[in-house]
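# fold the following.
(one chain, ligands or ions: 1)
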Amino acid sequence: MERITTIAALRDRVAAARAAGATIGFVPTMGALHDGHLALVRLAATLSEVVVVSVFVNPSQFDRPDDLAAYPRDLDGDETALASLGLRVPVVVFAPSVEEMYPRAPLTTVSVATLGEHLCGASRPGHFEGVATVVTKLLSIVAPDLAVFGRKDRQQLQVVRRLVADLELPVEIVAGPTQREDDGLARSSRNRRLDAEDRIAAAALSRALRASVLAAERARDEGREVLPREVRAAAAAVLADVPLVVDYVEVVDAATMQPTSAPVSETTPAVVAVAGEVGGVRLIDNVELGDPEDEARLLSATS
Ligand code: PAF
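Coordinates of the predicted model:
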């Protein structure tokens, strides 16, 4: 596996690939790669001829030092996992140090105003500014044709889509479906910090989303509008008796990520987003109502 740790060397590698006519796909990660990340890398490999995977635990997006310190790091394991994919395109791992990425305290940051203020932005102050800043910086360094982001971090995906549009960055943003464990739990690097009991509680998050999809289906079958308060209540009821500290259960407009009361449809999709803490581990999940594919994927991966 090819590992590059400096910005200059990564730029040279990408320039050489471009000179040879290759298109560049990019998957930004914070490492501790799991099957969810690997699916994003596979997707990038079907869409481009060289894939850059960044592995950088970005300090500026952590609001709690203990969370940053506990974040799993395993670069050798990450490279082994990427090599095991046996992709037909070269994969370049970009693993810069904190000093390489932030040689000085930055005076310039990127903030995507309202998109980053609600949901996780409300409980993790500064988180999305940290994400938007590092993603802008990584996109500037890698200069890919396309970048793949997971739908599991739906608010992050929307922040990235918007910053790319507002700053006219020449990159296509591709959304990769959420990958799930057998019990429906969305795959996350944080899952490895859950013990067996925590896992049972954590799986309630995806069951709550399932309940909201079923409530939406029921409303459609009965010829009624799909109302955000109804689908939210269905999700909240599942979480009511679970040993999990709920941070939020919200239904937000899929574009603005602001709470909505507008009936949900394919033209006005809404995201049911849930977040909670189990055994000190913060977990998030979501489903996009009004997006038939996302609804179907969630139903088939949960019970
Ligand atoms: O989703 C992540 O792992 C991170 O937020 C990202 C996009 C790599 C930025 O640090």
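# for whatever helix or strand R232 lives in, what is the average pLDDT?
Per DSSP states H and E: R232 is located in helix 228-239. Average pLDDT, helix 228-239: 98.
# what residues does it touch?
Outside helix 228-239, the residues that touch it by CB atoms under 8 Å, 6 or more residues apart in numbering are 204-205, 207-216, 219, 246, 249-251, 259-264, 270, 272, 274, 276, 289. Every C-beta, even on glycine, is put in place using the N, C-alpha and C of the backbone.
# ok, now how distant is the spatially most central residue of the chain from D35?
With distances taken as CA atoms, centre = their mean, the residue of the chain nearest its centroid is D153 (2.9 Å). Distance from D153 to D35, counting by CB to CB, to the nearest Å: 16 Å.
# same question, L244
23 Å.
# of those two, which one has the most company?
Counting neighbours by other CB atoms under 10 Å for L244 and for D35 shows that L244 has the greater number, 21 against 13.
# quick check, the more buried one in contact with V274.
No - using CB atoms under 8 Å, L244 is not in contact with V274; the gap is 9.6 Å.
# who touches both of these two?
L205.
# and V174, helix, strand or coil?
Recorded secondary structure, V174: strand (DSSP: H, G, I helix; E, B strand; the rest coil).
# residue ranges for the strands of the chain, please.
Applying DSSP state E to the chain gives strands spanning 2-4, 24-29, 50-55, 91-94, 146-150, 172-176, 245-253, 270-278, 281-289.
# a markdown table for the ones you listed, including distance to the ligand, mean neighbour count and mean pLDDT?
Compiled in a markdown table, the strands of the chain are given as follows (distance: least, CB to the nearest ligand atom, whole Å; neighbours: other CB atoms under 10 Å; pLDDT from 0 to 100):
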| stretch | distance to the ligand | mean neighbour count | mean pLDDT |
| --- | --- | --- | --- |
| strand 2-4 | 16 | 15 | 98 |
| strand 24-29 | 4 | 25 | 98 |
| strand 50-55 | 7 | 26 | 98 |
| strand 91-94 | 11 | 22 | 98 |
| strand 146-150 | 7 | 23 | 98 |
| strand 172-176 | 11 | 18 | 98 |
| strand 245-253 | 17 | 19 | 97 |
| strand 270-278 | 15 | 24 | 97 |
| strand 281-289 | 11 | 24 | 96 |
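# contacting residues for L214?
The contact partners of L214, taken as CB under 8 Å, 6+ apart, are 234, 299.
# let me know the pLDDT of it.
98.
# next: R192.
Per-residue confidence at R192 stands at 89 (pLDDT).
# distance of it relative to the ligand?
15 Å (CB to the nearest ligand atom, to the nearest Å).
# what is the burial count for that residue?
11.
# for the residue nearest to it when sequence neighbours are not counted, grab the count of nearby residues.
Leaving aside its chain neighbours, R192 sits nearest to P72 (6.1 Å; criterion: CB to CB, 6 or more residues apart in numbering). By the measure other CB under 10 Å, the count of residues near P72 is 16.
# would you map the helices across the stretch 101-250 of the chain?
120-123, 127-142, 154-166, 196-202, 204-221, 228-239 (DSSP state H, counting those that start in this stretch).
# between the last one and strand 281-289, how big is the angle?
Interaxial angle, helix 228-239 versus strand 281-289 (axes from the mean of the first three to the mean of the last three CA atoms, to 10 degrees): 140 degrees.
# can you list the residues of this protein near the ligand?
28-30, 58, 61, 131, 134-135, 153, 156 (CB under 6 Å from any ligand atom).
# and those residues as a markdown table, adding distance to A16?
Formatted as a markdown table, these follow (distance: CB to CB, whole Å):
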| residue | distance to A16 |
| --- | --- |
| P28 | 21 |
| T29 | 23 |
| M30 | 27 |
| N58 | 27 |
| Q61 | 31 |
| V131 | 29 |
| V134 | 25 |
| V135 | 24 |
| D153 | 31 |
| Q156 | 31 |
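# can you tell me which of those residues is closest to R224?
D153 (31.4 Å; CB to CB).
# correct me if wrong: the closest one contacts L283.
No - between D153 and L283 there is no contact, the gap being 11.6 Å when judged by CB under 8 Å.
# please consider this matter closed, and thank you.
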